[in-house]
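>>> Got a sequence here, can you build the structure:
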Amino acid sequence: MRHYETLILFSPDLNSEERQNILEEVSKVIRGESGQDPLLDDWGMRQLAYPVRKYTRGHYVRVEFASDGGIIPEMERKLRIYEGVLKFLTVKLSDEYKAA
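Numbering: from 1, shown residues only. Sure thing, here's the model as predicted:
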């Protein structure tokens, strides 16, 4: 299992419930593969360095999880579907996941 992190930038127009629904869909994909709940770290609303789709502010959420990597395309496909997701980035943190 590899250790991954996905940073998701949500539109400031989304309310908390809509963000939670999107994060729950992402969590279902991750749990389906690895069987463990991903760590969600809500960074809150922040000023953007440059406008993204004409927004100057956005709500950041970091998702940390372990997987073999096969779920990354499916998770990113789901994120592309939602209009409230402005951007996202998935990076591999390490080749071995060490549970804390």
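>>> Which pLDDT value goes with the residue nearest to Trp43 when sequence neighbours are not counted?
Closest residue in space to Trp43, ignoring its immediate chain neighbours: Tyr60 at 3.8 Å, by Cβ to Cβ, 6 or more residues apart in numbering. Heads up, the C-betas are built off the backbone N, CA and C, glycines and all. Listed pLDDT for Tyr60 reads 98.
>>> what do you get for the one 10 residues further on?
Confidence at Gly70, expressed as pLDDT, is 85.
>>> Let me know the outermost residue of this structure.
Lys54 (21.0 Å; Cα atoms, centre = their mean).
>>> Distance check, that residue against Gly32.
35 Å (Cβ to Cβ, to the nearest Å).
>>> cool, Pro12 as well?
From Pro12 over to Gly32 (counting by Cβ to Cβ), the distance is 30 Å.
>>> Sketch out the strands for this protein, chain order is fine.
Here the chain has its strands, by DSSP state E, at 2-10, 39-52, 55-67, 85-94.
>>> Can you list the neighbours in contact with the top helix by length along the chain?
Counting by DSSP state H, the longest helix found in the chain is helix 16-34. By Cβ atoms under 8 Å, 6 or more residues apart in numbering, the surrounding residues in contact with helix 16-34 are 1, 6, 8, 10, 14, 37-38, 40, 59, 61, 63, 65-68, 70-71, 74-75, 78-79, 82, 84-85.
>>> Buried among these? Need that as a selection in ChimeraX.
Typed into ChimeraX, the line below selects the buried ones among those, using 16 or more other Cβ atoms under 10 Å:
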select :1,6,8,10,14,38,40,59,61,63,65,66,67,71,75,79,82,84,85
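>>> hang on, the earlier thing: so the residue nearest to Trp43 sits right up against Thr6, yeah?
No: under the criterion of Cβ atoms under 8 Å, Tyr60 makes no contact with Thr6, lying 11.1 Å away.
>>> And for Lys87, the neighbour number?
Lys87: 14 surrounding residues under other Cβ atoms under 10 Å.
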